[in-house]
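S.K.: A predicted structure for the sequence below; I have some questions about it.
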Amino acid sequence: MSLVITGARPYGEGEPVDVLVRDGVVAEIGSGLSADETLDADGLVLLPGFVDLHTHLREPGGEESETIATGSAAAALGGFTAVFAMPNTAPVVDTDVVALHVRRRGAEVGLVDVHPVGAVTVGLRGERMAELGTMARSPAQVRMFSDDGRCVHDPLIMRRALEYATALDVVIAQHAEDHRLTGGAQAHEGEVASRLGLAGWPATAEETIVARDCALAREAGARLHVCHVSSAHTIAVLRAAKAAGVRVSAEVTPHHLLLTDARLSGYDPVNKVNPPLRTGADTEAMRAALAEGVLDVVATDHAPHAAQYKDTEWDAARPGMLGLQTALSVVAHTMVEPGLLDWRGVARVLSERPAEIGGLPDQGRPIAVGEPATFALVDPDGVWTVRGAQLASRAANTPFEGMRLPATVVATMWGGRVTAREGKVVG
Amino acid sequence: MRHLLSVTDLDAAAATALLDTADRLRQALLGREVRKLPTLRGRTVITMFYENSTRTRVSFEVAGKWMSADTVNVSASGSSVAKGESLRDTALTLSAMGADCVIVRHPASGAAHRLAAWVDKDRETTGTPTVIVNAGDGTHEHPTQALLDAATLRDRLGGIAGKRIGIVGDVLHSRVARSNVFLLATLGAEVVLVAPPTLLPVGVAQWPCRVSPELDAELPALDAVMMLRVQAERMHGAFFPSSREYAIGYGLSEDRAALLPEHAVVLHPGPMVRGMEIAPAVADAPNAAVLQQVRTGVHVRMAVLYHLLAGAPE
Amino acid sequence: MAQDRPGAAAARELLSASDVARTIARIAHQIIEKTAGTENVVLVGIPTRGAMLARRLGAAVAEFSGTAFPVGIVDPTLYRDDLRHHPARPLSSTDLPDGGLDDALVVLIDDVLMSGRTVRAALDALADHGRPRAVQLAVLVDRGHRELPIRADYVGKNVPTARDEQVKVLLEEIDGVDAVRLERA
C-alpha cells in the first residue's frame, strides 16, 4: 500500500512537492508522483509529527476525565504522533508493571505512540526512589521520570535520582515548586491575586528549585528537564546554567505563552492551573526564550478534569487545562504570527527537540527519503473557534473556549498510517 | 446592578445612593409604632452561611424582616452540604425553591461570583431571577461591612471625601480591609494601611492607598482608625513572632489612642480581641463607634436589599 | 414662558406666580377655618414639592392665625404599589414632629392629586407611625382620573386634563419660579 501526499510544502518552505510514502517510510520526494492512495495537501505546510513531553492521560484511575483512548484521539487530532504520559495516575506508574499497561494500552488504541513517564519516587511521596532501572529496561522502555504534580523536594533524593539516572541514559523531569512556599496557594502571587483574595504562588518557589536542580545536575553530570516553566526569573537561571554547560532542557506550555492572571477576575476555575498563569511580562519572556532556545520545547501539560472537578468555587477546583488539540494553534498565534518563529522553528519546538529529549529515534526526524513517514499536515491559513464540548477529550476544560485561533491540523500520519484527517480520527 | 458581589462594582454615585438610602431608612423607622416597612413583602431572602457568624447573619435577617421579606437561614453544617452537595447544586436548589435573594458567606474567595454566574446561567433556561449578595467570601471582600463602615464614618465625620482613614492589622487575610480600601478610595478618602510587612499583600503598592510601617507616626493625622482582628493562628505561618510583639507594635493601646485627634473615630468590624489589637478602655471609649457600626449595619443591609429587590428585576 | 426649554412640548400656564401665592393663602385660610378649635393639628407634606408646600402653608397659617402648626415630611416611596415597575427609586426624607401622630389631626399635603395612589401610600406610611385622629388632604391641583376612592378636603385649583397631559408644579425654592403649567405629552 502506498500513499502520496501531493502539493505539500515541507516546513512551509519552497515550492510544493509530492511525498511518496511506502511501507511506513518516505520513498520519494518529487513532483507528479502517484500511488495507491492520494492525500491532497494543496500547498499546506508539512511538519514532522509533534511530540508532547508532558501529557496527562488519566488512565488508570481517572477515567472519568480522560482515557488513553480519548487522550490519544485528542493527540492525533492535534497533530501529535507521540506523547509522554505522566505517572500521577491511580495506581501511580512507579513499577514496570503499570508502565507496561500504559504502553500496551496505547499501542492497542494505536493512534499515537504512548510513552509512559515513570515516577521518580515511590507513590510520588518523595521519600524513596522508585525502580528507575527496571522501568527503563522493561518493554515499556521508560525514558523519562517525573513526580509531576509534585516536586521532588528533598535535595538528597533529587541528587541521588540524577546520579542514578546517568547510568540509564534517562532524563529526570522536575515539577519545580517548593511546596513550603506554596502552601495553600491558589494563583500567581501578584497584584491580581492580592486584589482577588487568592493565596499567592510566588515565582521564587519555581526559580529556587530550578537553580538548585541545575547545580545538582551539573555535579552529577546528569540530564535534567524542567517542566512547565512559568516565570521570567526562571529563564535567567536556565540561561546561566546552559551557558555553564549544564545538560538542562526546559519546556513551556501553550497557555503560558498566551494567558495571564488578568483572566482570573471572574474566578472561573477553567483558568486554574499549576504553575499558575502569571503576568504579561512573564508570557512575553516565555515567547522570547522559546524563540531563543533557552526554552527548548512546547509541551502541553494536557490536564483533563471532569466537570465536577471544575464547576466549583475556585479553592475546591482541581488545577489543569486541556492542551493537545489547541497546542499548534496557540503556538501559531503567539510565535508564528508575530514572526518569532517560522515553521521550521515550530518543527523544532514541537517535534525535533522533544523527540531528542525523550530519546525517540523514530520521531522528530527530517522530512527526507528513508525517514519515517510521521507527519502533521498544517493549514497555516486555517481558522477555527475552540469549543470544549466538541473536542475529543472526555473533559471540556479548555481555557480557550470561544476563541478564534489560527492554523488547523488537516491530517496526521504516524509511520505511514493516517491517524487523523479533516478533524476526524481514522481507524 | 443585579448582584452585590464586590465594592468595586459600585462607582461613587451608586455607593452614595446606598448610603443615602440607608440613612432615609433609618429616618423612616424613627419613633415608629410598627418597626416594619412593607416594601419587600412576598420576597424570599435566604442566608446561606458556610462560615459561622452570628453578627452578620442576624443583621441580614433583621434587615430582611424589617422590610417584610420572608427570611430563611441555612447553615452549612447539618445540611445537605455536610452530605457532600456541591455549592452549585445547593444554590440552584434554593433558587428553584423560589429564593429571590441568596445571601452567601463562604470560605473560598470568589464563591459569590461563581454563585452569581451559575444562577445567571440558570436564569437563561428557567427565567427565575435570583439576586446574590456577598456576605464575605474567603479573604476577598465583605461589601456590606465596608458600606456600613462608610455610613458610620459619614455620620461621625460629616463626610468621607478628603478624610484620612487608617486601617491597621492583618490586611493580607482580611476581606474587610480589601472592601474598605476600595470603597473608601471610591468615595474620595485617603486611606493608609499599617501592618507588619508580612501581613501586607504582594501587590499592595497598586492599591489606591498608602502603606506605612509606623503606627505612632500616622495616628496624629487620622480622622478615623479601623482596627482589624488578628488571628492567633497566623503565628504558625510565621507572620509575626508572638502576640505580645504584635500588640506592642500594632495594638491600639490607651497611650496610642491618646495620639489620635479629638474628633477621630475608632472602628472595629468585630469580634474584638480585647488586649490584642485594641485595649479594653479604648474599645469602650466615646469615640469608639463599634455599636453604631452594628446599628448602621442593619440599615445598610436594608438599603442593599431595597436596591436589589424592590425595583424592577434587571 | 411657555417654551423655556428647547424642544419642550407646548405648555400652557394654569397659574402664574401671583396666582400660586394667592392660592396658597386661600388654602391656609381654609385650613384655619376648618380646624378652628382643634388641638394638635400637624401639617405633613409629601416630598418633594408637597413638602415645600407644607412649609409654606405652615408659615402662612402662622402668619394669619398666630398659631404655628408643626410641619413634617412623610416619604411614601416604600409603600408604593408600583415599585416593581421601575428600577429602585431613591428615597426621600421622613421627618415627623416629636409629639408623634397619635390623636393628631393630620393635614396631608401634596402638589398634584391624580390617581390617588401616592396618597394611599402616604396614608399607609402614616398608619405605621401612629394613629391620627383624622387625616385631611390638601392639594394645589386636582387633575382628575382617580383610581382609588380618595378626595381632597382642600383644593387649590381643579383642572380637567387628558391622561397623557402633564401638570407641572414649579416652586421657587426648587425650580427658581412659582408656576403651574399644563404640558402636552
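M.R.: Structure received. Numbering: from 1, shown residues only, chains lettered A, B, ... in the order given.
S.K.: centre-most residue in chain A?
M.R.: The centroid of chain A falls nearest to A:A299 when counting by CA atoms, centre = their mean (2.4 Å).
S.K.: quick one, what contacts that residue?
M.R.: A:52-54, A:227-228, A:251-253, A:354 (CB atoms under 8 Å, 6 or more residues apart in numbering or on different chains). For every residue, glycine as well, the C-beta is placed using N, CA and C.
S.K.: now with 6 Å?
M.R.: Under the criterion of CB atoms under 6 Å, 6 or more residues apart in numbering or on different chains, the contact partners of A:A299 comprise A:52-54, A:251.
S.K.: so how far is C:L113 from it?
M.R.: Between A:A299 and C:L113 the distance, using CB to CB, to the nearest Å, works out to 77 Å.
S.K.: just the strands in chain C please.
M.R.: Chain-ordered strands for chain C, with DSSP state E as the definition, fall at C:11-15, C:41-45, C:71-73, C:105-113, C:134-142, C:154-158, C:166-170, C:179-183.
S.K.: what would the ones you listed look like in TSV with distance to chain B, mean neighbour count and mean pLDDT?
M.R.: Conversion of the strands of chain C to TSV gives the following (distance: least, CB to the nearest CB, whole Å; neighbours: other CB atoms under 10 Å in any protein chain shown; pLDDT from 0 to 100):
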stretch	distance to chain B	mean neighbour count	mean pLDDT
strand C:11-15	30	17	91
strand C:41-45	13	25	97
strand C:71-73	9	23	97
strand C:105-113	15	25	98
strand C:134-142	16	22	98
strand C:154-158	26	18	96
strand C:166-170	22	18	95
strand C:179-183	26	19	95
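S.K.: for A:G382, which of the ones you listed is the nearest?
M.R.: Between A:G382 and the strands of chain C, the shortest gap by CB to CB is with strand C:166-170, which sits at 61.2 Å.
S.K.: so which residues make contact with the closest one?
M.R.: Outside strand C:166-170, the residues that touch it by CB under 6 Å, 6+ apart are C:49, C:111-112, C:140-141, C:143, C:177, C:179-183.
S.K.: now, which of the residues you listed sits nearest B:A189?
M.R.: Distance ranking of these against B:A189, using CB to CB, places C:R49 first at 34.8 Å.
S.K.: is it true that that closest one touches C:V112?
M.R.: No. Checked against CB atoms under 6 Å, the pair C:R49 and C:V112 is beyond contact range at 8.3 Å.
S.K.: got a pLDDT number for residue 177?
M.R.: I went with chain A, as the question did not name one. What the model reports as pLDDT for A:E177 is 98.
S.K.: wrong one, I was asking about chain C
M.R.: pLDDT for C:V177: 95.
S.K.: could you list the low-pLDDT ranges of chain C?
M.R.: Judged by pLDDT under 70, chain C has its weakly predicted residues at C:1-9.
S.K.: mind redoing it with 50?
M.R.: C:1-3, C:7 (pLDDT under 50).
S.K.: spatially central, which residue of it would that be?
M.R.: With CA atoms, centre = their mean applied to chain C, the nearest residue to centre is C:D110, 1.1 Å.
S.K.: pull the contacting residues for that residue.
M.R.: Under the criterion of CB under 6 Å, 6+ apart, the neighbours of C:D110 are C:46, C:50, C:139.
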